[in-house]
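> okay, structure incoming, though there's no sequence with it:
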């Protein structure tokens, strides 16, 4: 029986790249994480062999990377060599294999998050300052007592 590629989801974070190889009821799972690539292989309950080899976009720290198997998939936590550098893609080459997809359920644009958060904090601080600043009550001398009483008597 020929080998197939496992459907693979991935997403990017400041320190890690996460990959999920979607193979239910996997057996004989082998994950090899090297500085520039990952090699994954396993079999499913039907005996179908899966094999994926991915050359990473950038260097990773293989010693601080790990994988975790569950009944539905194999998840890999791959530590980036250069933290806080966004990866525009998972692969070295600018070619997207059909079996590789972005995990939009977990994707988050974290690049520039600090600037956005600081701007939100500054805006919130400004609002609090405006609310908490004691100002004199508005002048009500422009209200005419005669016009109010005239309106009340005409109804």
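That came through fine. These figures come from a predicted structure and were not determined experimentally. Numbering: from 1, shown residues only.

> tell me the pLDDT at residue 151?
Per-residue confidence at residue 151 stands at 55 (pLDDT).

> in the top strand by length along the chain, what counts as buried?
Longest strand in the chain, counting residues (DSSP state E): strand 60-69. Residues 60, 61, 62, 65, 67 are the ones in strand 60-69 that count as buried (16 or more other C-beta atoms under 10 Å). (C-beta placed from N, C-alpha, C; glycine too.)

> now those as a markdown table including distance to residue 17 and pLDDT?
Converted to a markdown table, those look like this (distance: C-beta to C-beta, whole Å; pLDDT from 0 to 100):
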| residue | distance to residue 17 | pLDDT |
| --- | --- | --- |
| 60 | 7 | 97 |
| 61 | 11 | 96 |
| 62 | 12 | 93 |
| 65 | 9 | 93 |
| 67 | 13 | 93 |
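
> and the furthest pair within these?
Of all pairs drawn from the buried residues of strand 60-69, the greatest distance, 14.3 Å, lies between 61 and 67 (C-beta to C-beta).

> so residue 7 versus residue 98, what's the distance?
The spacing between residue 7 and residue 98, counted by C-beta to C-beta, to the nearest Å, is 9 Å.

> tell me how far residue 100 lies from residue 19.
9 Å.

> those two: which is more packed in?
More crowded of residue 100 and residue 19, by other C-beta atoms under 10 Å: residue 19, with 25 against 19.

> in the helix or strand harbouring that one, what counts as buried?
Counting by DSSP states H and E, the element that carries residue 19 is strand 16-22. Residues of strand 16-22 classed as buried: 16, 17, 18, 19, 20, 21, 22 (neighbour count, 16+ other C-beta under 10 Å).

> kindly calculate the angle that that strand makes with strand 60-69.
40 degrees (axes from the mean of the first three to the mean of the last three C-alpha atoms, to 10 degrees).

> next SSE downstream of strand 16-22?
strand 27-33.

> circling back to that earlier point, can you tell me what sits against the strand holding residue 19?
With contacts defined as C-beta atoms under 8 Å, 6 or more residues apart in numbering, strand 16-22 is touched by 6-12, 38, 40, 42, 50, 52, 54, 56, 60, 72-80, 87, 90, 103, 106.

> that one pairs with which strands, and in what direction?
Strands that pair with strand 16-22, judged by DSSP bridges, come out as strand 7-12 (antiparallel), strand 74-80 (antiparallel).
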